[in-house]
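Enquirer: Here is my input, please return the structure:
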Amino acid sequence: MSFSDFDYKLLEKHFPLFEPALIKAISSEGKIAELKEGDEMIREGQYIKSLPLLLEGVVQVCRLDAEGRELLLYYLNPGEVCTMALTCCMGNAKSNIKAVAESKTTIVQIPVQFLDLWMVQFKTWKEFIMYSYRKRFDDLLETIDSIAFKNMDDRLIKFFVDRYRVTDSTFYSGTHQEIALMLNTSREVVSRLLKKLENDRKIVITRNQIDYVTLVF
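Expert: Numbers count the residues shown, from 1 in each chain. Here you go, the predicted model:
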């Protein structure tokens, strides 16, 4: 899908530091793609031929183990790029992560042949890529610290706080099993801890929805 005036304005809004020539190059060479909630932006094991820049929506990036269990690594917001996808693009390697749209999402796909070229051509592109690597490295360190040093109670609370940070919503619509998959634990553990939070009046649980406003305010 080619760029519309609205897409162009989103690009300027969420990537304000890009120089005009780079904005023009992205709108000329990039392709717009729209994802529905639950659609895969990146599949594990695929070769990535284009780098997705997020214009609208929220995307969760997960790592899968040999048994298919998921671990939530980080979220992508508008104005961000998946640096693990970037690494695969530039190294012509298969993806070792899965990225799934949390909501209706719009991305612009940059063909892989432009990634190195723009590093030389555009100063702001190089700065953006280096900043993105640094930010994702910090995100991964936070995830590792959470697994290594936090108990599951704290990790569950952090899950809700992180969701609020990226979605600006205090409601989670999903199952206990889905939370368990993202935290790489069992549904029984998640259900027990959610019940404890509910008893402590920190969350309100209804059918397939959790109100966690008390945890973030």
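
Enquirer: Kindly report the domain assignment for the chain.
Expert: With domains defined by automatic domain parsing, the chain comprises 5-147, 150-216.

Enquirer: could those domains go into CSV alongside mean pLDDT and mean neighbour count?
Expert: Yep, even glycine has a C-beta here, placed from its N, CA and C like the rest. CSV is the format used below for those (pLDDT from 0 to 100; neighbours: other Cβ atoms under 10 Å):
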stretch, mean pLDDT, mean neighbour count
domain 5-147, 91, 16
domain 150-216, 92, 15
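
Enquirer: Is residue 116 in contact with residue 91, as I believe?
Expert: No. At 11.5 Å, residue 116 does not count as touching residue 91 under the criterion of Cβ atoms under 8 Å.

Enquirer: Which parts of this protein are strands?
Expert: Secondary structure of the chain (DSSP state E): strands at 31-35, 40-42, 50-56, 59-64, 70-76, 98-101, 105-111, 171-173, 204-206, 209-211.

Enquirer: Now tabulate the ones you listed in JSON lines and tack on distance to residue 145.
Expert: Formatted as JSON lines, the strands of the chain follow (distance: least, Cβ to Cβ, whole Å):
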{"stretch": "strand 31-35", "distance to residue 145": "30"}
{"stretch": "strand 40-42", "distance to residue 145": "25"}
{"stretch": "strand 50-56", "distance to residue 145": "25"}
{"stretch": "strand 59-64", "distance to residue 145": "16"}
{"stretch": "strand 70-76", "distance to residue 145": "13"}
{"stretch": "strand 98-101", "distance to residue 145": "22"}
{"stretch": "strand 105-111", "distance to residue 145": "28"}
{"stretch": "strand 171-173", "distance to residue 145": "23"}
{"stretch": "strand 204-206", "distance to residue 145": "28"}
{"stretch": "strand 209-211", "distance to residue 145": "25"}
